[in-house]
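*Asks:* one predicted model, sequence on top.
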Amino acid sequence: QTVVTQEPSLTVSPGGAVTLTCASSTGTVTSGYFPNWFQQKPGQAPRPLIYSTSNKHSWTPARFSGSLLGGKAALTLSGVQPEDEADYYCLLYYAGGRLVFGGGTKLTVL
Amino acid sequence: QVQLQESGPGLVKPSETLSLTCAVSGYSISSGFHWGWIRQPPRKGLEWIGSIHHSGSTNHNPSLKSRVTISVDTSKNHFSLKLSSVTAADTAVYYCARVLTNTVDYWGQGTLVTVSA
């Protein structure tokens, strides 16, 4: 069974920067996994932020960026705002049209 | 603007079949893309259930495949999920979404389904 792993929780200060990562149990994450990142706040549906590693949706704030880092997919927030406190999920695409979500990272802005 | 709306019973008895429908507006399912289901148990993470193309071809999460049926009705512009032999572990918020080859871009608001006698 394929497992996608994220940090369970991270804390960042307002105005600071933080990087969340997304690893695959199958090995190095490449652009071929089309890494996606979603933000979810309590009681809301996930909101897409990043697709295909580093592409932003039209509604994605500029302070969010995606990349590949050390064999993982990464989401970096720069100039963190209080409203960025949320759960963040990565999503990877596997062969056969199979999608696997990471376990999520709870980001606290403190 | 693409919008998706889940509907179906909020309470299902154990061993019975969970049935949900996702109505799509602002986009014709027949125009392409896959249409999928994702769930989230209370206080837990997201789990992809499966998706369907307007042609009828499907992809499923291997862990659920034997219990999942996803179908599409292009005349009504909606697609459906059936999950058989449910247990309390299937209690979750169920989301429908549009699945592209490189992203999942539009989501429904989600519907809570509780499995309980």
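*Replies:* Perfect, thanks for sending it.
*Asks:* count of neighbours near the closest residue in space to B:N102 that isn't next to it in sequence?
*Replies:* Excluding its sequence neighbours, the residue lying closest to B:N102 (CB to CB, 6 or more residues apart in numbering or on different chains) is A:F34, at 4.2 Å. Bear in mind the C-beta positions are built from the backbone N, C-alpha and C, glycine included. Here the number of neighbours of A:F34 (other CB atoms under 10 Å in any protein chain shown) works out to 20.
*Asks:* list the contacts for A:F34?
*Replies:* A:51-53, A:92-93, B:101-103 (CB atoms under 8 Å, 6 or more residues apart in numbering or on different chains).
*Asks:* try it again with 10 Å
*Replies:* Neighbouring residues of A:F34 by CB atoms under 10 Å, 6 or more residues apart in numbering or on different chains: A:51-53, A:55, A:73, A:91-94, A:99, B:100-103.
*Asks:* contacts only, for A:L10.
*Replies:* Taking CB under 10 Å, 6+ apart as the test, what A:L10 contacts is A:18-21, A:77, A:88, A:105-109.
*Asks:* an error on my part: the question was meant for B:N102.
*Replies:* A:31, A:33-36, A:51-53, A:55, A:93.
*Asks:* so how far is B:L112 from the closest residue in space to A:T28 that isn't next to it in sequence?
*Replies:* The shortest distance from A:T28 to any non-neighbouring residue, by CB to CB, 6+ apart, is to A:G71 (4.2 Å). Between A:G71 and B:L112 the computed distance is 37 Å (CB to CB, to the nearest Å).
*Asks:* same thing with B:S30?
*Replies:* 30 Å.
*Asks:* contact partners for residue 17?
*Replies:* In the absence of a named chain, this looks at chain A. A:63, A:76-80.
*Asks:* chain B, not that one
*Replies:* Contacts of B:T17 (CB under 10 Å, 6+ apart): B:67, B:69, B:82-86.
*Asks:* which pair in those residues spans the largest distance?
*Replies:* B:T69 and B:V86 (13.0 Å; CB to CB).
*Asks:* any idea what the spatially most central residue of chain B is bridged to?
*Replies:* For chain B, the residue whose C-alpha lies nearest the mean C-alpha position (CA atoms, centre = their mean) is B:W37; its distance is 2.9 Å. Counting by DSSP bridges, B:W37 is bridged to B:G50, B:C96.
*Asks:* list the contacts of B:H60.
*Replies:* A:96-98, B:37, B:48-52, B:66-70.
*Asks:* mind putting those residues into JSON lines with distance to B:C96 and secondary structure?
*Replies:* Shown next, in JSON lines, are the contacts of B:H60 (distance: CB to CB, whole Å; DSSP: H, G, I helix; E, B strand; the rest coil):
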{"residue": "A:G96", "distance to B:C96": "21", "secondary structure": "helix"}
{"residue": "A:G97", "distance to B:C96": "17", "secondary structure": "helix"}
{"residue": "A:R98", "distance to B:C96": "18", "secondary structure": "strand"}
{"residue": "B:W37", "distance to B:C96": "6", "secondary structure": "strand"}
{"residue": "B:W48", "distance to B:C96": "12", "secondary structure": "strand"}
{"residue": "B:I49", "distance to B:C96": "10", "secondary structure": "strand"}
{"residue": "B:G50", "distance to B:C96": "11", "secondary structure": "strand"}
{"residue": "B:S51", "distance to B:C96": "10", "secondary structure": "strand"}
{"residue": "B:I52", "distance to B:C96": "11", "secondary structure": "strand"}
{"residue": "B:S66", "distance to B:C96": "21", "secondary structure": "helix"}
{"residue": "B:R67", "distance to B:C96": "18", "secondary structure": "helix"}
{"residue": "B:V68", "distance to B:C96": "13", "secondary structure": "strand"}
{"residue": "B:T69", "distance to B:C96": "15", "secondary structure": "strand"}
{"residue": "B:I70", "distance to B:C96": "10", "secondary structure": "strand"}
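*Asks:* perfect, I'm done here.
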